[in-house]
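Have a look; sequence and predicted model below, questions after that.
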Amino acid sequence: AVVSTQSTGTPQRLMLEALSKMSILSSNLQPIVRSIKEQIPALFKTLVLLLGDRTQQVAREFALVIMSNLSQTGGNEGVEVAHQLANYSQVISLLLKFLEDAEASAANFALNAHMAGHSSLPSNISQEELCGGTSIDMLRRAALTLIHLAKYSNNKKLFLTHQHRVLNLAMSRFTHPRIGAMIANLLFHMESDWKLT
């Protein structure tokens with residue numbers, strides 16, 4: 001069952017943690033999707049709400065892991081997952097915002113260092129601080145989810161209104177190089193005529 005996002009107690013945390021761990025193995029993805037087929041709309045609604053909730057960072061990242069894993073489901077189940085997830089109006093915007101926050105954080109640190117007369121960032125800044133309180137792996141998962149959603153022709157139109165944001169991330173020198181390469185891949189899938197259904 002999907003637990004309300006208003007709950008910060010153990011049931012929701014355990015559900016998110018269990019599903020994020022089970023869905024790491026690609027061989028588990030199709031069986032998971034089949035077994036929760038009727039609950040997928042409610043699950044995705046919960047995950048999208050959590051992704052937009054900055055007050056629950058741990059739950060937010062669990063939600064991102066689950067989205068990223070399930071978006072990689074193959075076969076007909078993968079098509080259904082991609083279509084259902086992308087059709088939540090906020091999901092593409094929230095995934096991009098997750099990446100934009102990290103880019104803005106890196107830009108802010110660079111600006112402060114420049115204003116203080118430093119040619120490079122202070123050595124005591126952690127990677128998590130530089131990424132705006134998250135990690136490169138979480139940023140990678142956000143970008144990967146967007147790439148998987150953009151591979152499907154039925155989702156292409158949903159990306160059109162966000163094209164300028166994707167381009168800004170791709171061109172920014174403050175986007176982490178590893179993430180920048182993935183954004184370039186995202187642009188390829190957004191523009192490519194070859195699409196999955």
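Now that the structure is in, tell me what you want to look at.

Check the protein and tell me which residue is nearest its centre.
In the chain, the centroid-proximal residue (Cα atoms, centre = their mean) is A142; its distance is 2.3 Å.

From the contact counts, what lies against whatever helix or strand L95 lives in?
Here L95 sits within helix 91-115, counting by DSSP states H and E. Helix 91-115 sits against helix 40-51, helix 57-70, helix 127-130, helix 136-150, helix 163-171, helix 177-191, with contacts defined as 3 or more Cβ pairs under 8 Å, 6 or more residues apart in numbering; DSSP states H and E. Yep, even glycine has a C-beta here, placed from its N, CA and C like the rest.

Quick check: nearest residue in space to D53, chain neighbours excluded?
In space, and not counting its chain neighbours, D53 is closest to R60: 6.0 Å by Cβ to Cβ, 6 or more residues apart in numbering.

Find the residue ranges of this structure scoring beneath the pLDDT cut-off.
By pLDDT under 70, the low-scoring segments of the chain are 1-9, 109, 111-132, 193-197.

again, 50 this time
1-7 (pLDDT under 50).

got a list of what F159 touches?
The contact partners of F159, taken as Cβ atoms under 8 Å, 6 or more residues apart in numbering, are I92, L149, A150, V166, M190.

OK, contacts around the first one?
Meaning I92. A86, L146, L149, L158, F159, H162.

The last one now?
By Cβ under 8 Å, 6+ apart, the contact set of M190 is A150, K156, F159, Q163, V166.

could you say which helix or strand contains V79?
helix 75-86.

And for R54?
Counting by DSSP H and E, R54 is found in no helix or strand.

burial of it, as a residue count?
11 (other Cβ atoms under 10 Å).

likewise L85?
Around L85 there are 24 residues (other Cβ under 10 Å).

what do you get for L25?
10.

So what does it have for phi and psi?
phi -80, psi 120 (degrees, to the nearest 10).

can you check Y88 too?
phi -80, psi 120.

right, and it touches F44 too?
Yes - using Cβ atoms under 8 Å, Y88 makes contact with F44 at a distance of 5.9 Å.

quick one on the thing from earlier: would you mind listing the buried residues in the helix holding L95?
When burial is assessed from 16 or more other Cβ atoms under 10 Å, helix 91-115 yields the following buried residues: 91-103, 105-106, 109-110.

ok, now stretch 29-48?
For stretch 29-48, using 16+ other Cβ under 10 Å, the buried residues are L29, Q30, I32, V33, I40, L43, F44, T46, L47, V48.

Now find how far off-centre that stretch is within its chain.
Distance of stretch 29-48 from the chain centroid (Cα atoms, centre = their mean, to the nearest Å) equals 17 Å.
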